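Student: Kindly generate the corresponding structure for this input.
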Amino acid sequence: MTARARSTPYAVLGMLSLAPMSGYDIRKESEQSIGYFWSESYGQIYPALRELKAEGLIRRRPGKSGGNRDRQVYEITERGRVRSRSSSYI
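Tutor: Purely as a prediction, here's the structure:
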């Protein structure tokens, strides 16, 4: 696995340390804030979210959207906060 592929979970965890977000929100916020050095597709963000959730670093909860579908919002857990402060994520 490449170093770039492994940066996605770090970046996603960092974004979620700011506020709970959906995958769409993570992509949108990252484009506006860190897009000049980190740009990932949904195909990279959603697998990272699943991986982080499986490790207990984030949790998923239903969120409201303006459309007909409820969206899934992810938030960092205390374990995730501890991990995000350490330099040994993966």
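
Student: all strands of the chain, in order?
Tutor: For the chain, applying DSSP state E gives strands covering 58-63, 71-76.

Student: what angle separates the first one from strand 71-76?
Tutor: Which is strand 58-63. 150 degrees (axes from the mean of the first three to the mean of the last three CA atoms, to 10 degrees).

Student: what ranges of this protein fall below the confidence cut-off?
Tutor: 1-5, 35, 64-69, 87-90 (pLDDT under 70).

Student: contact partners of stretch 48-58?
Tutor: Contact partners of stretch 48-58, identified using CB atoms under 8 Å, 6 or more residues apart in numbering, comprise 8-9, 11-13, 16, 23, 26, 40, 59-60, 74-77, 79-80, 83-84. For every residue, glycine as well, the C-beta is placed using N, CA and C.

Student: buried sites along it?
Tutor: A48, L49, L52, E55, L57, I58 (16 or more other CB atoms under 10 Å).

Student: Can you flag the buried ones in the contacts of stretch 48-58?
Tutor: The buried subset of the contacts of stretch 48-58 - by 16+ other CB under 10 Å - is 8-9, 11-13, 16, 23, 26, 40, 74, 76-77, 80, 83.

Student: re the thing from before, nearest to E31 among the buried residues of stretch 48-58?
Tutor: Taking CB to CB as the measure, E31 lies nearest A48 of the buried residues of stretch 48-58, at 16.0 Å.

Student: any idea how far F37 is from that closest one?
Tutor: 17 Å (CB to CB, to the nearest Å).
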